[in-house]
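**Q** A structural model of the following input is requested.
(2 chains)
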Amino acid sequence: MDFVEALEARMEDIASACTQCGKCFQACPMTVPTGIAEADPKHVLSGIVDLLRGGDGNAEAATWAAACSSSGYCIEACDYAVNPRTMVRLAHFASVKRHDGYEVKSNAMKSFRGMAKAVRVISRLQLDAAEIDRLQPPPRKVAPATSPDVSFYTGCNAHKTPHILILCLEVLRAIDVSYEVIGGPTACCGVFQFHSGDAETSGRAGLSTLEQIKALGAREDIAWCPSCQIQFQDVIIPNHKMMSQGDEFSLTPFFLFLERHLDRLARVFVHPVRKRVALNERPGEPDVARAVKRILAAIPGVEFVDLDVQRVGLMSNYLTVTPRFKDELREVEFRAAADAGVTTLATVYHACHRELCHFEKTVTFEIINVMEIIGESIGVSADDIYKRLKMMDDVESMMTECGDLLRTHHLDPNDARDVLLADQLAARPLQGSVVEADISAR
Amino acid sequence: MLRIRFIGIDGETAEVDAAEGASVMMAARDAGIRGIEAECGGALSCGTCHVYVAQAYQAMLPQASVEEQDMLELVAAEREAGSRLSCQISMTADLDGLTVRIPDSQT
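**A** The predicted structure follows:
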């Protein structure tokens, strides 16, 4: 059985398991901004199932699948143990594949290359060669001599905000966990190719990364990026299991690993952090949000404030398909944080940090990543160069700031300028085109 | 050690050592050869390690797999008779002295 056959078999299994009751649709926060909230849930689900089986589905199903923000509320809503988030993601994959036909391979390659180039340039505009090699080591030719406690799988885009990853490694070091880093575009989970409808290349990338992680021989494999986490959980790992007749593999989200070692962490939380902190919480991985709150509660001096606002998306960039909705959610959250008198709004994930950090100059509180708070209590810090650059709001100032590293890494200035313009001063939907309804229809 | 000769975009030649079994792409990366971007690290996902294999060596290489051929259809520079992805060329004793030219663009 190859990857494509395994994926098709799983799509058929999921299509057969779905009763099309429509509860998942009713639980979804994306139906209102996309203008499909009034659609008959059973009709939408019949379309989703049809897409999974290679059919055209229907317009509402295609819109819903394209707008999925991976918030995960649907998972709890399902009475039949179908994972509707996985189902809708697979339906979107099937819809794109059917619509784009022979173009999927070309689109997948362009999507991956675009991401890889952006990661290569943005990370090198912030770090010297030694630090790049530490955080994005080239694929290993031989296994490490001694098995590390963990492999730390970073994903790709997290390297645009490398201070977060540097702090992750510092925290692992502080609690005496040995690690091997694997990450950057050479260890892709395949999500970009998957979103482009190219199962074959997505599988090749994801399975290659799975083998790279396994080859490190770590006692546990932990992952930073939630996109990689669910791409592995939803697609790569189940397919790998089917293809290998049962070979087990799993990835632990980084914060769940830290939570499990909270006793060790608490011992190194020696510096009080006098901050009143609200969390830029995301619902996609509820266990992660819970773990982060437990970790923050263990830090002396931190006063945690729970904001009563709507939470949507696996990460902020999953809402780029509905830009007005994203802006509204952000404004409501900022207002709630200001009203609550917080000193700090802490992002959990890298993509949220990228999209929110520069708003710091427009609000009454700082916007930092939660790893910065954890690091401060341990006594380690890493400069958030990404935020410093982004707050410049002007590409020529960014180019001047990064001039030395631009030359050191032999980066083409025109390429770098284009990447900065696209990445720092604009945002692209991860899933595809904007699918937001006209505002008058809402 | 085996030798690989890279002819760069500007016509300059660089000679690189490679162990038997190493891919031409990895040898290029280890030696810092410019123009071999290899964004995916050999997972056959990006087509950014495209090279033109010198005619004398073309017949010595195993045929490109279907997956490699698919990727070669999408490379940025013009595809020629000697076009290969360097991540798919494993060095053997027969290939000692392999000469490849780097295309003017990978993306």
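
**Q** Let me see the ranges of the strands in the chain.
**A** Because you didn't say which chain, this covers chain A. Counting by DSSP state E, chain A has strands at residues A:150-153, A:179-182, A:220-223, A:252-253, A:276-280, A:303-305, A:344-347, A:366-369.

**Q** look at chain B instead
**A** B:2-7, B:13-18, B:50-53, B:83-85, B:98-101.

**Q** Are there helices or strands packed against the last one, and which ones?
**A** Packed against strand B:98-101, as judged by 3 or more CB pairs under 8 Å, 6 or more residues apart in numbering or on different chains; DSSP states H and E, are the following elements: strand B:2-7, strand B:50-53, helix B:55-58. In this view, the C-beta of every residue, glycine as well, is placed from N, C-alpha and C.

**Q** Could you list the residues of the stretch 201-350 of chain A in contact with chain B?
**A** Within reach of chain B by CB under 8 Å from any CB of the partner chain, the stretch 201-350 of chain A has these residues: A:201, A:204-205, A:208-209.

**Q** ok so, going back, can you put the strands of chain A in a markdown table and add mean pLDDT and distance to A:R173?
**A** Compiled in a markdown table, these are given as follows (pLDDT from 0 to 100; distance: least, CB to CB, whole Å):
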| stretch | mean pLDDT | distance to A:R173 |
| --- | --- | --- |
| strand A:150-153 | 98 | 11 |
| strand A:179-182 | 96 | 8 |
| strand A:220-223 | 98 | 14 |
| strand A:252-253 | 98 | 18 |
| strand A:276-280 | 98 | 24 |
| strand A:303-305 | 98 | 26 |
| strand A:344-347 | 98 | 22 |
| strand A:366-369 | 98 | 18 |
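
**Q** What score does A:R53 have for pLDDT?
**A** For A:R53, the pLDDT comes out at 97.

**Q** How about it: what's its closest non-neighbour residue?
**A** Spatial nearest neighbour of A:R53, excluding adjacent residues (CB to CB, 6 or more residues apart in numbering or on different chains): A:A15 at 5.4 Å.

**Q** try A:E285
**A** A:P226 (5.4 Å).

**Q** The one you found reaches A:D287, doesn't it?
**A** No - with contact defined as CB atoms under 8 Å, A:P226 does not reach A:D287; the gap is 11.0 Å.

**Q** intersection of neighbour lists for the two?
**A** A:P253 (CB atoms under 8 Å, 6 or more residues apart in numbering or on different chains).

**Q** In terms of packing, which of the two has more residues around it?
**A** Taking neighbours as other CB atoms under 10 Å in any protein chain shown, A:P226 and A:D287 compare with A:P226 leading, 26 against 11.

**Q** What residues does chain B have near chain A?
**A** Within chain B, the positions near chain A by CB under 8 Å from any CB are B:22, B:26, B:29-30, B:34, B:37-48, B:67, B:70-71, B:74, B:107.

**Q** One more pass at 10 Å, please.
**A** Applying CB under 10 Å from any CB of the partner chain, one finds that chain B approaches chain A through B:19, B:21-23, B:26, B:29-30, B:32, B:34, B:37-48, B:66-67, B:70-71, B:73-76, B:106-107.

**Q** in the stretch 201-350 of chain A, what residue is nearest chain B?
**A** Using CB to the nearest CB, the closest approach of the stretch 201-350 of chain A to chain B is made by A:S208 at 4.0 Å.

**Q** And the pLDDT at that residue?
**A** For A:S208, pLDDT reads 94.

**Q** What of A:R311?
**A** So, for A:R311, pLDDT stands at 98.

**Q** for the spatially closest residue to it that is not a sequence neighbour, phi and psi?
**A** Distances taken as CB to CB, 6+ apart put A:P283 closest to A:R311, at 4.6 Å, once the chain neighbours are dropped. Note on A:P283: its backbone torsions stand at phi -90, psi -10 [degrees, to the nearest 10].

**Q** A:L319 is in contact with A:P283, correct?
**A** No - between A:P283 and A:L319 there is no contact under CB atoms under 10 Å: 11.9 Å.

**Q** so what sits against both of these two?
**A** Common contact partners of A:P283 and A:L319 (CB atoms under 10 Å, 6 or more residues apart in numbering or on different chains): A:29, A:69, A:71, A:312-313.

**Q** how close does A:P185 get to A:Y73?
**A** 31 Å (CB to CB, to the nearest Å).

**Q** Neighbour count: those two, which is higher?
**A** For A:P185 and A:Y73, the more surrounded residue by other CB under 10 Å is A:P185, and the numbers stand at 29 against 20.

**Q** residue contacts, the spatially closest residue to that one that is not a sequence neighbour?
**A** The shortest distance from A:P185 to any non-neighbouring residue, by CB to CB, 6+ apart, is to A:A116 (3.8 Å). By CB under 10 Å, 6+ apart, the contact set of A:A116 is A:156, A:184-186, A:188, A:192, B:37-41, B:45-46, B:48, B:107.

**Q** Where helices are concerned, which of those count?
**A** Mapping the contacts of A:A116 onto helices (DSSP state H) picks out A:F192.

**Q** Which of the contacts of A:A116 lies at the shortest distance from A:V302?
**A** Checking those against A:V302 with CB to CB, the nearest one is A:C156 at 30.6 Å.

**Q** Local confidence estimate at the closest residue to the residue of the stretch 201-350 of chain A closest to chain B other than its chain neighbours?
**A** Among residues not flanking A:S208 along the chain, B:A43 sits closest, at 4.0 Å (CB to CB, 6+ apart). Looking at B:A43, its pLDDT reads 91.

**Q** dump the residue contacts of B:A43.
**A** Contacts for B:A43 (CB under 10 Å, 6+ apart) come out as A:112, A:139, A:185-188, A:190, A:201, A:204-209, A:211-212, B:87.

**Q** what's the answer for A:V434, then?
**A** So A:V434 contacts A:34, A:66-67, A:320-324 (CB under 10 Å, 6+ apart).

**Q** same thing but 6 Å
**A** A:V321 (CB atoms under 6 Å, 6 or more residues apart in numbering or on different chains).

**Q** Repeat that for A:S111.
**A** Contacts of A:S111 (CB under 6 Å, 6+ apart): A:192, A:196.

**Q** was I right about A:F254 contacting A:D221?
**A** No - counting by CB atoms under 6 Å, A:F254 stays clear of A:D221, with 10.8 Å between them.

**Q** I figured A:N107 was touching A:S196, is that so?
**A** Yes - in terms of CB under 6 Å, A:N107 counts as a neighbour of A:S196; the distance is 4.3 Å.

**Q** Between those two, which is the more surrounded one?
**A** Under the neighbour definition other CB under 10 Å, A:N107 and A:S196 were set side by side, and A:S196 has more, 25 against 18.
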